[in-house]
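>>> Sharing a model that was predicted from the sequence below.
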Amino acid sequence: MENEFSYEKVYEIVRKIPFGKVTTYGLIAEQLGTRRTARMVGYAMNAAHNLSDVPAHRVVNRNGILTGKHHFASPTLMQELLENEGLVIKNDKILNFEKHLWKT
DNA sequence: ACACTGACCTCCT
DNA sequence: AAGGAGGCCAGTG
């Protein structure tokens, strides 16, 4: 396994997230083989924010909470986008998070 | 060029 | 059970 962490890898994984599905930073990091680089995943998302092909709103923390919502254009934009995909957000938390969790 | 911070997660005390 | 610290990479001041 190539335990190589690359922003491009993160972008590709996030881009692979289907409609109405969500994933977590740690999950992405784990898929890359580096679960300890979850921090970098979040930072990569920051850079990914410049790309329109990377649905950062589909990436949440392990608790299914919209942690980076404040980093979007609007604090509610992330929630709106997720709700637009059929997800139910309550108190900045995704209901049935595991159900919508995108797992390989 | 050096130091700090950042959309997190996991382990140890 | 709860709290604190560590670990990784890269960008910015």
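Thanks, I have it.
>>> From here on, just use CA atoms for contacts and neighbour counts.
Will do.
>>> Alpha carbons only: can I get stretch A:92-101 in PDB?
Only the C-alpha atoms of stretch A:92-101 are listed here, as PDB (Å, rounded to 0.1, in the frame of the first residue of the first chain):
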ATOM      1  CA  ASP A  92     -25.500  21.100  12.700                       C
ATOM      2  CA  LYS A  93     -25.500  17.300  12.900                       C
ATOM      3  CA  ILE A  94     -26.500  14.900  10.200                       C
ATOM      4  CA  LEU A  95     -29.300  12.600  11.100                       C
ATOM      5  CA  ASN A  96     -28.800   8.900  10.100                       C
ATOM      6  CA  PHE A  97     -25.200   9.900   9.500                       C
ATOM      7  CA  GLU A  98     -24.100   6.300   9.300                       C
ATOM      8  CA  LYS A  99     -26.800   5.600   6.800                       C
ATOM      9  CA  HIS A 100     -25.600   8.300   4.400                       C
ATOM     10  CA  LEU A 101     -21.900   7.600   5.200                       C
END
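>>> for that stretch, what is the average pLDDT?
Averaging pLDDT along stretch A:92-101 yields 94.
>>> Now do the buried residues in that stretch.
A:92, A:93, A:94, A:97, A:100, A:101 (16 or more other CA atoms under 10 Å).
>>> the strands in chain A, which residues?
For chain A, applying DSSP state E gives strands covering A:23-24, A:59-60, A:89-90, A:93-94.
>>> So what are the sheet partners of the second one and their directions?
For strand A:59-60, the paired strands and their directions (DSSP bridges) are strand A:23-24 (parallel).
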